[in-house]
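[1] Make a model of this:
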Amino acid sequence: MSNKAAKKFVYLRQSLLLSDLPRMTYDTLGKLDKRAPEITEEVNAGKMVWHKYDCIGCHTIFGNGSYFALNCKDNREETKGLSEKIPYGPEGGES
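    Numbers count the residues shown, from 1 in each chain. You can find the predicted model right below:
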């Protein structure tokens, strides 16, 4: 491939990719609202507890946080009833 042909190939490829970018952006923005979960009062209360007691300092949820304690997303059965064992939380004790 000559130098001139290589330049034409690069310019053609770049123009095709750049012309497809607005279509992909429009498609992605149309799907964002459909994928987002509904935020209920229960979800909001859990978030407030998560931030108030700095759970992210020890636990992991959806890959975010530290790795010292249980992963709150994967070990739901292991952590079931854990809130009754700790002295603080949404059910009782310190609030």
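
[2] only C-alpha atoms for contact and neighbour calcs from this point on.
    OK.

[3] any weak-confidence spans in this structure?
    Applying pLDDT under 70 to the chain flags residues 36, 70-95.

[4] Helices of that one, residue ranges please.
    All helices of the chain, identified by DSSP state H, fall at 3-35, 41-52, 76-79, 82-85.

[5] Gly65: which of those is closest?
    Nearest to Gly65 among the helices of the chain is helix 41-52 (11.1 Å), distances taken as Cα to Cα.

[6] Any chance of the helices of the chain in JSON lines with mean neighbour count and distance to Tyr67 as columns?
    Shown next, in JSON lines, are the helices of the chain (neighbours: other Cα atoms under 10 Å; distance: least, Cα to Cα, whole Å):
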{"stretch": "helix 3-35", "mean neighbour count": "11", "distance to Tyr67": "28"}
{"stretch": "helix 41-52", "mean neighbour count": "12", "distance to Tyr67": "15"}
{"stretch": "helix 76-79", "mean neighbour count": "12", "distance to Tyr67": "15"}
{"stretch": "helix 82-85", "mean neighbour count": "11", "distance to Tyr67": "18"}
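
[7] would you list the ones you listed in CSV and tack on distance to Ile61?
    Converted to CSV, the helices of the chain look like this (distance: least, Cα to Cα, whole Å):
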stretch, distance to Ile61
helix 3-35, 18
helix 41-52, 10
helix 76-79, 11
helix 82-85, 16
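
[8] Please parse the protein into its domains.
    1-36, 41-85 (automatic domain parsing).

[9] Any idea which residue is closest to the centre of the protein?
    Computing the C-alpha centroid of the chain and ranking residues by Cα atoms, centre = their mean puts Phe62 first, at 6.4 Å.

[10] Roughly how far does it sit from Asn3?
    Between Phe62 and Asn3 the distance is 49 Å, computed by Cα to Cα, to the nearest Å.

[11] Perfect, I'm done here.
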